[in-house]
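Trainee: Sequence first, predicted model second:
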Amino acid sequence: MNELSVQKVKLKKDWKLTQRAFDQLLNWLDEGRNSDGQKYLEMRERLVAYFDRKNCCDPDDLADQTLNRVGRRLEEEGITASESPARYCYIVARFVFMESLRDAQKDNTLRQEIRPTPYNNGFAFSEAAEKQERMLNCLEQCTAKLDTAQREIILQYYSGKERLKIERRRALAESLGITANALSIRACRIRDKLEACVKLCLGAK
Amino acid sequence: MSKPRYTNHDLNQYILGALPEAEAESFDELSFAEEEFVDALNAAEKDLVDAYVQGDLADRELERFKSYYLASPLRREKVNFAQAFKVMTDRKAVAPVEVEAAAKSPTRRTASGWFSALNVFAVGHPALQSAFVAVALVLMIAAGWLVFDNVRLRHQVTQTQTSRDELLHREQELQNQIKGQQSASSTTEQELARLRDEQNRLEQELAKQREQQNISEQHQPLLGGPGVASFILAPQLRGPGQIQTISVPAKTNSVAMQLELEPNAYSLFSVSLLDQSGNKTLWRSSKLKAKVAANSKSLTLGFRAAILKPQTYVLRVSGISAEGVTEIVGDYPFRVVKSDNPH
């Protein structure tokens, strides 16, 4: 895929992903195995993470722009099988990122990727404490919703410090009969599930 | 199992935006295309955030985390979550211990009774009191030293881990360089082998051409070039017989001989010109193929006339087998007479 062909597919401001184009995009991301939209969600998460790592102002919006652009290309011109969906999305994301940089420079906006803003923890102590308390409540509720095995894994895996933590993880992997790597992946996914649940919970309050 | 293409240190540097641009770009691509990398990155980021929350980051990493990682609202949310998560896991870790303490509470009255008994002793014995205080002080100092040493050792472990990761990274880089050089060297070797084969082929071709040239030179005298005298010799009859005489005119440059062969199984021959004693070889041919005509075979050869003096010579014919073994198949004696007449 060359630079010219991607640049030709400039997203018009009023172009939206139609249902048909969206379905086409889902099928293409699934690569023949129906994932019920999971692949789309995963790809979106990776795009958000990518734009966030680049210190872009609005990673969610840029991720949606990328997926819209890919969907539009699929609908209008079709994409050849030379690139995998993941790699293709990455290439489009790179261009979207470059364009966002250029736009920011045109607008003279101070971009965090040029000069990252240092973390300012100067907000009110009481506000932070209150937010933390709410988060803790939500976290307790979400943890209670996990099944026993998942709860046990998440509490054991992330308890302790330094050597004790390492020992605990090793013992846990042994007791479950899985490798340390497999345990790490499992624990991370449970934690991601908790994080998503807490976000929903905080949004609802 | 091959070594990983990235270490934990690499992942942390990537998360903190501290990797060189080219490497960061390759990791960007992996973060889309490779599941294994995505899982490793996810786990590394959580461990890094937890290390920050627990106060286990030091120096440069801590500075970088504060200045770079916390610059993003999304990432700050992750830190907030990690802080709440730590509080929850600490609470849940502590809970079983509290349950055990509560279960033991009926015995406390008894224990306090024992303690109060000890107090009686302490009040009545200042020396004992001083001793207890001294022991408590020593214990506190020892505990303090242990805590300090623990912190120091933990710091050392972190530093050693960082150095180890850096070394692994460097080792990986060097291995990649070696692989590159080996590949280049293998290409060069292949090229050398190809050139050697080509040289061998050319040498063989040259040898063939020389052989062909030799044969044509030997045949040339029969073409009837200037100063050539041609003779036909028959095989020597069994028993004493007359020796053929050949008259070589003056100013003859070359002598061409046609030797009629007796029946034999050979197709390749070599011929030697021996002096009259039969001991000295004056001339030897290269490998000759017999000409076949009707029911007879003959050999054609030529040599310089200057070799011949007015005396007796023998042309000895040897057959050459496929294995290269030679066997004398016939002798052709002849007497040379020099004639003044050039024709």
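Mentor: Sure thing, it's come through. Residues are numbered from 1 along each chain as shown, chains lettered A, B, ... in the order given.
Trainee: most remote residue from chain A's center?
Mentor: Using Cα atoms, centre = their mean, the residue of chain A lying farthest from its centre is A:Ser175. It sits 31.2 Å away.
Trainee: List the buried residues in the helix or strand A:Arg134 falls within.
Mentor: Assigned by DSSP states H and E, A:Arg134 belongs to helix A:125-145. With burial defined by 16 or more other Cβ atoms under 10 Å in any protein chain shown, the residues of helix A:125-145 counted as buried are A:Met135, A:Leu136, A:Cys138, A:Leu139, A:Cys142, A:Thr143. (Glycine included, C-beta is placed from N, CA and C.)
Trainee: Tell me what angle whatever helix or strand comes next after that helix forms with helix A:125-145.
Mentor: Sequence-wise, the next helix or strand downstream of helix A:125-145 (DSSP H and E) is helix A:148-157. If you take axes from the mean of the first three to the mean of the last three Cα atoms, to 10 degrees, helix A:148-157 sits at 140 degrees to helix A:125-145.
Trainee: Mind listing what's buried along helix A:148-157?
Mentor: A:Gln150, A:Arg151, A:Ile153, A:Ile154, A:Gln156, A:Tyr157.
Trainee: what do you get for stretch B:315-335?
Mentor: Buried residues in stretch B:315-335 (16+ other Cβ under 10 Å): B:Leu315, B:Arg316, B:Val317, B:Ser318, B:Gly319, B:Ile320, B:Val329, B:Gly330, B:Tyr332, B:Pro333, B:Phe334.
Trainee: What's the first helix or strand after the helix or strand B:Arg152 falls within?
Mentor: Taking DSSP H and E as the criterion, B:Arg152 maps to helix B:126-219. Sequence order places strand B:228-233 as the next helix or strand after helix B:126-219, per DSSP H and E.
Trainee: and that next one, what's its mean pLDDT?
Mentor: Averaging pLDDT along strand B:228-233 yields 90.
Trainee: again with stretch A:156-174
Mentor: 86.
Trainee: touching chain B at all, it?
Mentor: Yes: on the criterion Cβ under 8 Å from any Cβ of the partner chain, stretch A:156-174 is in touch with chain B at A:Tyr158, A:Ser159, A:Gly160, A:Lys161, A:Glu162, A:Arg163.
Trainee: Could you dump those residues into TSV and include secondary structure?
Mentor: Conversion of the residues of stretch A:156-174 next to chain B to TSV gives the following (DSSP: H, G, I helix; E, B strand; the rest coil):
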residue	secondary structure
A:Tyr158	coil
A:Ser159	coil
A:Gly160	coil
A:Lys161	coil
A:Glu162	helix
A:Arg163	helix
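Trainee: Out of the residues you listed, which end up buried?
Mentor: Among those, those buried by neighbour count (16+ other Cβ under 10 Å) are A:Tyr158, A:Ser159, A:Gly160.
Trainee: Excluding chain neighbours, what is closest to A:Ser35?
Mentor: Spatial nearest neighbour of A:Ser35, excluding adjacent residues (Cβ to Cβ, 6 or more residues apart in numbering or on different chains): A:Leu29 at 7.9 Å.
Trainee: name the element that neighbour belongs to?
Mentor: Take DSSP H and E as the rule and A:Leu29 turns out to sit in helix A:19-30.
Trainee: quick check: mean pLDDT across the helix or strand that comes right after that helix?
Mentor: Under the assignment DSSP H and E, the closest C-terminal helix or strand after helix A:19-30 is helix A:38-53. Helix A:38-53 shows a mean pLDDT of 93.
Trainee: Centre of the chain to helix A:38-53, how far?
Mentor: Here helix A:38-53 is found 4 Å from its chain centre; the criterion is Cα atoms, centre = their mean, to the nearest Å.
Trainee: Likewise for stretch B:281-295?
Mentor: How far stretch B:281-295 lies from its chain's middle: 52 Å, per Cα atoms, centre = their mean.
Trainee: Chain A contacts on chain B?
Mentor: So chain B meets chain A at B:15, B:17, B:28-29, B:31-33, B:38-39, B:42-43, B:46, B:50, B:54, B:56, B:66-68, B:70-72, B:74-78, B:80-81, B:83-90, B:92-93, B:154, B:157 (Cβ under 8 Å from any Cβ).
Trainee: ok, back up a step: who's in contact with the helix holding A:Leu29?
Mentor: Residues outside helix A:19-30 that contact it (Cβ atoms under 8 Å, 6 or more residues apart in numbering or on different chains): A:17, A:35, A:37, A:39-40, A:43, A:67, A:70-72, A:74-75, A:79, A:85.
Trainee: Could you single out the nearest of the residues you listed to chain B?
Mentor: A:Met43 (7.9 Å; Cβ to the nearest Cβ).
Trainee: I figured the closest one was touching A:Asp64, is that so?
Mentor: No: contact criterion Cβ atoms under 8 Å: A:Met43 and A:Asp64 do not qualify, at 11.4 Å.
Trainee: who has more neighbours, the two?
Mentor: A:Met43 (22 against 15; other Cβ atoms under 10 Å in any protein chain shown).
Trainee: Next up, the contacts around the more buried one.
Mentor: Taking Cβ under 8 Å, 6+ apart as the test, what A:Met43 contacts is A:Leu29, A:Leu67, A:Pro85, A:Ala86, A:Cys89, B:Phe32.
Trainee: of all of the stretch 1-150 of chain B, which residue lies closest to chain A?
Mentor: At 3.3 Å from chain A, B:Leu70 is the closest residue in the stretch 1-150 of chain B, using Cβ to the nearest Cβ.
Trainee: Need the three-state assignment for that residue.
Mentor: From three-state DSSP, the assignment for B:Leu70 is helix.
Trainee: Based on its surroundings, how many neighbours for B:Leu153?
Mentor: 12.
Trainee: What does the pLDDT read for it?
Mentor: With respect to pLDDT, B:Leu153 scores 87.
Trainee: Repeat that for the one 10 residues further on.
Mentor: Turning to B:Ser163, the model gives it a pLDDT of 83.
Trainee: Leaving out sequence neighbours, find the closest residue to B:Val87.
Mentor: Nearest one to B:Val87, counting by Cβ to Cβ, 6+ apart, is A:Leu136 at 6.0 Å.
Trainee: need the contact list for the one you found.
Mentor: Contacts of A:Leu136 (Cβ under 8 Å, 6+ apart): B:Ala84, B:Val87, B:Met88.
Trainee: The same query, at a cut-off of 10 Å, please.
Mentor: Applying Cβ atoms under 10 Å, 6 or more residues apart in numbering or on different chains to A:Leu136 gives the contacts A:Val198, B:Gln83, B:Ala84, B:Phe85, B:Val87, B:Met88, B:Arg91.
Trainee: Name the nearest of these relative to B:Ser339.
Mentor: B:Phe85 (124.1 Å; Cβ to Cβ).
Trainee: ok and the residue in the stretch 151-300 of chain B nearest chain A?
Mentor: Ranked by Cβ to the nearest Cβ, the top residue of the stretch 151-300 of chain B for proximity to chain A is B:Arg154, at 5.7 Å.
Trainee: list the contacts for B:Ala82?
Mentor: B:Ala82 makes contact with A:Tyr158, A:Arg191, A:Glu195, B:Lys46, B:Leu48, B:Val49, B:Asp50, B:Ala51, B:Tyr52, B:Val53, B:Gln54, according to Cβ under 10 Å, 6+ apart.
Trainee: Actually, A:Asp58.
Mentor: By Cβ under 10 Å, 6+ apart, the contact set of A:Asp58 is A:Val48, A:Phe51, A:Asp52, A:Asp64, A:Gln65, A:Ser100.
Trainee: Name the helix or strand for the last one, please.
Mentor: By that I understand A:Ser100. Using DSSP H and E, A:Ser100 sits within helix A:85-106.
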